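Trainee: model the structure of this input:
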Amino acid sequence: MDVVTPPQLHATVRDLVFTHKSFYNIPSGQVEEPRDWERLAFVGEGVLFSTVSKLLYRLLPTYKAAALKRGRVKLMSKECLASVTDHLGWMKQIRCSEGDRPNVTQSVDNRAALTESYIGGVALQYGPVPAEEWAEDLLVIFLRRYLIEEGADIGVVIGMADKARAKRSAPSLPPPLPPSRKRSAEDLKPSLNKSDLVALSERNNAARMSDVDGEPMDCSMEIDAPSSGEERNFAGTGRGGGMSPPPQPAPATGALLADPLPPAYSSAPPLSHLPPATTAVLSPPHTGVGIALANQQAQTVPGSYPSSILPQDIIPIYDPSNHTDGGYTYHHHRSSPYVPPPIATGSNLYPLPPSSTSSHSRLSTPTTSRSPAPITRPNIALMDKSQILKGCLAKLNERAKTRFEKPEWKMSSEGQGQLTVWTARLSLEGKRGVVCEAQGQSKQIAKELAAKAALEVLKWNS
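Mentor: This next block holds a predicted model:
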């Protein structure tokens, strides 16, 4: 099996990619900030879904949607993704509970999820476009087999093999983030063409040719020719053939232009949107890359790091205004404890709809409900546990029997689930109309309340 070499990941992203949820030994319901591979696997699955869909659409133009869906399911099967993990030996690098390691490493689901997690890590660090391109190269061998089985043009299959071989000889992804702040600034120098720097210098000189008195100003600027590795620009496709950064508008007279241009990434700078650290916000392309720190709890750590700060809490953030560390500023973040939202005292999680009650029954505390209120009726008693008097129904039947009356009951309900309200209507043969009505959360409660109200209305308590 010939698989394209995976791109390098930053240590923080790599820890997320290779960490199983059993590593922390915490029940799933008690985890406030997940730090395992499941969230990255969710991102990687979406990248794979998009990549395979576009590939099949382009390579099989005569196939209908149903056939393309079957091919997508086959290419994204757990067996295919698990074989990638087995070939690259990723299961030897995972972090999990030692007691669960045999089950974790042998599970097909976990091996397939690890491949999706690595693709999600590439998307998190380099952006979605390079991640889709690497996923395409990763699945090329399975795609070739599928195309041969489907009887596709052999020239298309051979062209895919040549394309994959060329990619393995010339990797297209941009270099990863520096592992520490000891890395020199030259390694992170923005990738600019010499012509762009010359045009930018002339524009700056034209804007600063004269001061307030009209005398020329010294605006000499040294320009270094970029190395062969710096001539590649990954904007747009991420394959080394992207467009150069668009020119910026000239500033007003007397104004000084900042750094020439930042690196033209096709997505946000690497690691700038990692949770739970600071959030990076991209400004429009013609104004360069602007970084806004959205989380006010993030703090810049100048100089050396205290021993109390864990290494995984240190996050490098790209900042064009920083000229000393290659454009990167280092931040750390301590997550604040989770505070649950307050719950109003005495609130009812399943309130009953408000209704009117008889003057002979005591009202319960009204509660707020979004359900529509039922039609009000006379002699209705709202359910309250303190009002339930066991034996009222039996007492009513006994009193009616001695008076040769026969109680007749009619039951109806409103609402669904735990908001169901039962209405009991009591009538007697010797009386005209309904004697009393009552509501409750069950038939028995409604009957007991109606019987109690009827005993009071008919004065049968004595």
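Trainee: for the host helix or strand of Q439, give the mean pLDDT please.
Mentor: Assigned by DSSP states H and E, Q439 falls within strand 436-440. Here strand 436-440 scores 84 as its mean pLDDT.
Trainee: can you check stretch 113-125 too?
Mentor: Rounded mean pLDDT across stretch 113-125 is 89.
Trainee: ok, residues contacting it?
Mentor: The contact list for stretch 113-125 (Cβ atoms under 8 Å, 6 or more residues apart in numbering) reads 6-7, 9-10, 13-14, 16-18, 37-45, 47-48, 81-82, 84-85, 90-91, 94, 130-131, 134-135, 138, 173, 176-177, 270-271, 273-274. C-beta here means a position set from N, CA and C on the backbone, and glycine is covered the same way.
Trainee: same thing but 6 Å
Mentor: By Cβ atoms under 6 Å, 6 or more residues apart in numbering, the residues outside stretch 113-125 that reach it are 7, 9-10, 13, 17, 37, 40-41, 43-45, 47, 81, 84-85, 90, 131, 134-135, 270.
Trainee: from those, which land in helices?
Mentor: Mapping the contacts of stretch 113-125 onto helices (DSSP state H) picks out 13, 17, 40-41, 43-45, 47, 81, 84-85, 131, 134-135.
Trainee: sec struct for L455, please.
Mentor: Following DSSP: H, G, I helix; E, B strand; the rest coil, L455 is assigned to helix.
Trainee: now for it, how many residues are close by?
Mentor: Residues lying near L455 (other Cβ atoms under 10 Å) number 20.
Trainee: residues contacting it?
Mentor: L396, N461.
Trainee: distance of it from G44?
Mentor: 70 Å (Cβ to Cβ, to the nearest Å).
Trainee: what helix or strand does L426 sit in?
Mentor: Per DSSP H and E: strand 421-428 holds L426.
Trainee: report the angle between that strand and strand 436-440.
Mentor: For strand 421-428 against strand 436-440, the angle by axes from the mean of the first three to the mean of the last three Cα atoms, to 10 degrees is 160 degrees.
Trainee: which helices and strands does strand 421-428 pack with?
Mentor: strand 407-414, strand 436-440, helix 443-457 (3 or more Cβ pairs under 6 Å, 6 or more residues apart in numbering; DSSP states H and E).
Trainee: which strands or helices does the strand holding Q439 pack on?
Mentor: Looks like strand 436-440 contacts strand 421-428, helix 443-457 (3+ Cβ pairs under 6 Å, 6+ apart).
Trainee: alpha carbons only: can I get the first one in CSV?
Mentor: Presented in CSV, the C-alpha positions along strand 421-428 are these (Å, rounded to 0.1, in the frame of the first residue of the first chain):
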residue,chain,number,x,y,z
VAL,A,421,-54.4,17.5,32.5
TRP,A,422,-57.5,15.2,33.2
THR,A,423,-60.9,16.8,33.7
ALA,A,424,-63.5,14.8,35.8
ARG,A,425,-67.2,15.9,35.4
LEU,A,426,-69.6,14.6,38.0
SER,A,427,-73.4,14.5,37.6
LEU,A,428,-76.2,12.9,39.6
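Trainee: contacts for that strand next, please.
Mentor: 405, 408, 410-415, 434-440, 443, 446-447, 450, 454.
Trainee: pick the most buried one from the helices and strands packed on strand 421-428.
Mentor: strand 436-440 (a mean of 25; mean count of other Cβ atoms under 10 Å).
Trainee: for that one, output the C-alpha coordinates as CSV.
Mentor: Backbone C-alpha positions of strand 436-440 (Å, rounded to 0.1, in the frame of the first residue of the first chain) are rendered in CSV as follows:
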residue,chain,number,x,y,z
CYS,A,436,-68.9,19.7,39.8
GLU,A,437,-65.7,19.5,37.7
ALA,A,438,-62.1,19.1,38.7
GLN,A,439,-58.7,18.8,37.0
GLY,A,440,-55.7,16.7,37.9
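Trainee: what's the helix or strand for N25?
Mentor: Using DSSP H and E, no helix or strand contains N25.
Trainee: now the one 10 residues further on
Mentor: Assessed by DSSP H and E, R35 sits outside every helix and strand.
Trainee: what about it, neighbour count?
Mentor: For R35, the count of nearby residues is 16 (other Cβ under 10 Å).
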